[in-house]
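A.B. asks: Based on what follows, work out the 3D shape:
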Amino acid sequence: MKKNTFDVIIIGGGFAGCALAYHFAKARISTILLESKHVCSGTSSACAGRVQIFDSETPEYLKIVQQGYSELPFLGDELEIDLEWNLPDDLTLFYSEEQLASHLEKIAWMKDLGLNAEFVKPEKIKEIEPCLNSGNCVGAILAEEGHLNPFKFGWGYLKSAKKLGAVIKCFSNVEHFIIEDNKIVGVKTSTQSYFGKYIILATGAWTGFLTQKIGVQLPISFTKAEAMVSEPLPKIIHHHLGTNGFYDSVHGEIKTVTLGLGQHNNGCLLISNAIQPANKIERTSSAWGMPAINQKMREFFPTLNNIRIMRTWSAPSPFSKDYQPIIGWLPQFANLYIASAFHLAIPTIPVFSKQIVDHVLSQNHNVASDFLEPYSPKRFFK
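C.D. replies: Take a look at the predicted model:
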């Protein structure tokens, strides 16, 4: 047996990679996770911790979100970590009747699954959020939503994976794939070569750059998203607040700000999002992003005019060509699996990660599971 040989090589140490490492290790599969920097230092490091439900785009996807949402209150016990689970709910503001009408059906979708959602008239918004200046808002939708500590979410999976025997290698950037007979039998970093039966790319916005190394153009794109965190403040916001159109902005082609605002248990505000198209991953905040977010925040909350900002960040927000996750075997190689571009990551990764492990380990592993079939990469390579 070659040195540094494993059953599964996972590339990417974000939420998805850590969850996969845990479930493979739990199944007693020899597993190594390779991360180019620190664990959860990519897009996962910029996660707000929202367990979004209302932003599900189809009834079918909502069922997956609801399944993960129902499991999350108990995940901390499984991973032996306090995920700081709470239920702030989400209030989405709408500024045109057309936009509102296109989302009202989601209330019925949620209620069909036993989830809370309701339309809020403009005059009632002030009662729900007294400090909010909703301006010429035509109405809002108040929907059930959870929240957890995103750092503990990733760390919980990682800690449990290591406890079960998974090997974690940080600062191990994959520079080259070792290919034999239409299979990727291993990978090379700057210091080591690792060999595996199955290779899994859980690399988010970086996935397309890695598949280019093996001559495959995977249609995964990303935008540059920016946000900031305030000093701890007295309780001023009672829900997660947002304006409609965040995902339209993420997939858009112009610079824009779509307000997202939530207050954590420690009193800090997470204020987002400045978004602009990108074809290069840059981790620094832009000259326009922070002032634009600040201006938008002050429009909605004039009382927050003089708060201090403690931290800003920028991260790539990945999405596929059809805005759905990319999950499954890459057609060009017999043993390369893609697990990227997750939509509503926190509530779906607990579900998808278990399905992915079952799929990879099934006897006929190249036969797509019915559950994951809609997200297979083969849809891009007819």
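A.B. asks: So Pro234 lies in a strand, does it not?
C.D. replies: No - counting by DSSP: H, G, I helix; E, B strand; the rest coil, Pro234 is not part of a strand but coil.
A.B. asks: Residues in contact with stretch 172-190: which ones?
C.D. replies: With contacts defined as C-beta atoms under 8 Å, 6 or more residues apart in numbering, stretch 172-190 is touched by 2, 9, 11, 34-36, 169, 191-196, 199, 210, 213-214, 333-336. Where C-beta positions appear, they are placed from N, C-alpha and C, glycine not excepted.
A.B. asks: Next, the buried residues of it.
C.D. replies: 172, 174, 177, 184-187, 189 (16 or more other C-beta atoms under 10 Å).
A.B. asks: before we move on, what about stretch 73-87?
C.D. replies: Neighbour count says stretch 73-87 has 75-76, 79, 81, 83-85 buried, by 16+ other C-beta under 10 Å.
A.B. asks: Val351 falls within a helix, correct?
C.D. replies: Yes - looking at Val351 with three-state DSSP, it is inside a helix.
A.B. asks: Give the burial count for Asp90, as a bare number.
C.D. replies: Here the count is done by other C-beta atoms under 10 Å, and Asp90 has 25 residues near it.
A.B. asks: Could you pull up phi and psi at the closest residue to it other than its chain neighbours?
C.D. replies: Once flanking residues are discounted, Asp90 sits nearest to Glu145: 4.0 Å by C-beta to C-beta, 6 or more residues apart in numbering. Glu145 adopts backbone torsions of phi -160, psi 150, taken as degrees, to the nearest 10.
A.B. asks: Distance of Glu145 relative to Leu132?
C.D. replies: Distance of Glu145 to Leu132, computed by C-beta to C-beta, to the nearest Å: 17 Å.
A.B. asks: before we move on, the earlier item: between the buried residues of stretch 73-87, which sits nearest Lys378?
C.D. replies: Checking those against Lys378 by C-beta to C-beta gives Leu75 as the nearest, at 31.0 Å.
A.B. asks: just to revisit the earlier point, in a markdown table: the buried residues of stretch 73-87, plus pLDDT and distance to Ile356.
C.D. replies: Output for the buried residues of stretch 73-87, formatted as a markdown table (pLDDT from 0 to 100; distance: C-beta to C-beta, whole Å):
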| residue | pLDDT | distance to Ile356 |
| --- | --- | --- |
| Leu75 | 98 | 17 |
| Gly76 | 98 | 22 |
| Leu79 | 98 | 18 |
| Ile81 | 98 | 22 |
| Leu83 | 97 | 21 |
| Glu84 | 95 | 26 |
| Trp85 | 96 | 24 |
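A.B. asks: Among those residues, which one sits closest to Val138?
C.D. replies: Nearest to Val138 among the buried residues of stretch 73-87, with distances taken as C-beta to C-beta, is Trp85, at 32.9 Å.
A.B. asks: one step back: ok, the buried residues of stretch 172-190 vs Met110, which is closest?
C.D. replies: Of the buried residues of stretch 172-190, the one sitting nearest to Met110 (C-beta to C-beta) turns out to be Val174, at 40.4 Å.
A.B. asks: what's the closest non-adjacent residue to that closest one?
C.D. replies: The nearest residue in space to Val174 (C-beta to C-beta, 6+ apart) is Val187, at 4.8 Å.
A.B. asks: Let me know the distance separating the one you found from Leu33.
C.D. replies: 12 Å.
A.B. asks: And stretch 62-72, what's buried?
C.D. replies: Neighbour counts over stretch 62-72 (16+ other C-beta under 10 Å) mark 62, 64-66, 68-69, 72 as buried.
A.B. asks: Leu113: neighbour count?
C.D. replies: Counted by other C-beta under 10 Å, the residues lying close to Leu113 total 18.
A.B. asks: returning to that earlier point: with pLDDT and distance to Ile349 added, can I get the buried residues of stretch 62-72 in CSV?
C.D. replies: Shown next, in CSV, are the buried residues of stretch 62-72 (pLDDT from 0 to 100; distance: C-beta to C-beta, whole Å):
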residue, pLDDT, distance to Ile349
Leu62, 97, 16
Ile64, 97, 10
Val65, 98, 11
Gln66, 98, 14
Gly68, 98, 7
Tyr69, 98, 12
Leu72, 98, 10
